[in-house]
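>>> Attaching a predicted model along with its sequence, questions to come.
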Amino acid sequence: MKPKKLLYVIAFIQLIVSCGKDGPGGTPKTTVSGYVYEKDTQKPLEDIPVKLVDMGGGALGMAGGGSANSSQAVFVTGPDGYYHFDFEGDGSYGIFSDGRWPEYSHLPGYKPVNKGEHNEISFTLQPQAWLRLHIKNVNPHNHLDRISLMPGNSPVTFTGEAVDVFEIYKVWGNTNRALKWAVEKNDLVTNYSDTIYLLGNDTTFYEILY
């Protein structure tokens, strides 16, 4: 092959490679895709919004459900839990999911996107659950008997000889939860603890007889 023709071939190859990497405006072409799963079960989750954001407030161009001038785009997952963004830009990008409050909470949070590359980023969401407690004083001493515990987000205390209550608390599921309680009778405090596995989108029953 003659030297001049060889130079033309090299230049043509370089042009193809550069067009594959950048968009028409010369800005990097970036793709982001992945799946949204439920914690532990790894079940694909439908109708979960996944958000792509230009952290500097710039326009994304085109990304999922976003407009050309928006710094944020949203893709809502289908039955397979899949999402996808394809856009051009030279900003600083991040992707996250708010989950589907209050049914699901996102773990762990914002994830950075490498611009000019294909990014495979999946999310795990934690489902809500309920803890139903039966708390009963089965060996009463006197009216000063006390039990203290924190089954939800706030501590609770029950006092008296005739404590016999059913309480339900909203918690996060598909996880082990440490339950601790302290019983005070006759000026003596005794501490107890147990670990409970809370099934997501379900109610777990637990009984404390003291």
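Good, I have the coordinates. Numbering: from 1, shown residues only.
>>> can we go C-alpha only for contacts and neighbour counts from here?
Fine.
>>> got the contact list for residue 145?
Residue 145 makes contacts with 159, 160, 161, 183, 184, 185, 186, as judged by Cα atoms under 8 Å, 6 or more residues apart in numbering.
>>> Kindly apply the preceding question to residue 193 instead.
Each residue near residue 193 by Cα under 8 Å, 6+ apart is listed here: 178, 179, 180, 181.
>>> got it, and residue 168?
Residue 168 sits next to 130, 131, 132, 133 when contact means Cα under 8 Å, 6+ apart.
>>> Buried ones among the contacts of residue 193?
The neighbour count (16 or more other Cα atoms under 10 Å) marks residue 181 as buried among the contacts of residue 193.
>>> Find the residue at the geometric middle of this protein.
Note on the chain: the residue nearest the mean C-alpha position is residue 106, at 1.4 Å, using Cα atoms, centre = their mean.
>>> before we move on, which element is that residue in?
Per DSSP states H and E, residue 106 falls inside strand 104-107.
>>> Name the residues that touch that strand?
97, 98, 99, 123, 124, 125, 126, 127, 128.
>>> Then stretch 203-210?
So stretch 203-210 is in contact with 129-139, 183, 198, going by Cα under 8 Å, 6+ apart.
>>> who does the strand or helix carrying residue 195 pair up with?
Assigned by DSSP H and E, residue 195 belongs to strand 188-198. Taking DSSP bridges as the criterion, strand 188-198 sits next to strand 175-185 (antiparallel) in its sheet.
>>> picking up where we left off before, would you mark the buried spots in the strand holding residue 195?
For strand 188-198, burial by neighbour count (16+ other Cα under 10 Å) applies to residue 198.
>>> Would you confirm that residue 102 belongs to a helix?
No. Read with DSSP: H, G, I helix; E, B strand; the rest coil, residue 102 is coil and lies in no helix.
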